[in-house]
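A.B. asks: pasted the sequence and its predicted model underneath.
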Amino acid sequence: MPTSNQGWPEDFGFQLGGNGPSYILSVEEGSSAHLAGLQAGDQVLEIEGHNVSTLGPQAVIAIAQTQKNIPPSIGVVSRIQQ
């Protein structure tokens, strides 16, 4: 487990994309993101209770990297069609 959020999200096993809102592009199997249940296609709604639902990936990453909790809590909603 990383000791800071400076490498978030890659150091925690996932990548973000989108133009606002941000989406999870991929999740590395066995990573902390995978174990937390994140899936490719999930839309990022909040980081540590901060609404980021309309922000692009760079803004979301900047917010996450400044959080004290390692890793920061992330709220998502699945956008995958079942």
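C.D. replies: Received, thanks.

A.B. asks: I'd say Pro2 and Pro9 touch.
C.D. replies: No. Between Pro2 and Pro9 there is no contact under Cβ atoms under 8 Å: 10.7 Å. Where you see a C-beta, it was placed from the backbone N, CA and C, and this is true even at glycine.

A.B. asks: quick one, which of these two is more surrounded?
C.D. replies: Pro9 (26 against 13; other Cβ atoms under 10 Å).

A.B. asks: for that one, which non-adjacent residue is spatially closest?
C.D. replies: Leu16 (5.7 Å; Cβ to Cβ, 6 or more residues apart in numbering).

A.B. asks: what's next to the helix or strand where the one you found lies, contact-wise?
C.D. replies: Counting by DSSP states H and E, the element that carries Leu16 is strand 14-18. Contact with strand 14-18 is made by 9, 22-28, 31, 33-34, 38, 43-44, 56-57, 60-61, as judged by Cβ atoms under 8 Å, 6 or more residues apart in numbering.

A.B. asks: now a ChimeraX select for only the buried ones of these.
C.D. replies: To isolate the buried members of the contacts of strand 14-18 in ChimeraX, using 16 or more other Cβ atoms under 10 Å:
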select :9,22,23,24,27,31,33,38,44,57,60,61
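
A.B. asks: looking at the contacts of strand 14-18, which are in helices?
C.D. replies: The helices, defined by DSSP state H, take in Ala33, His34, Pro57, Val60, Ile61 from these.

A.B. asks: great, nothing more from me.
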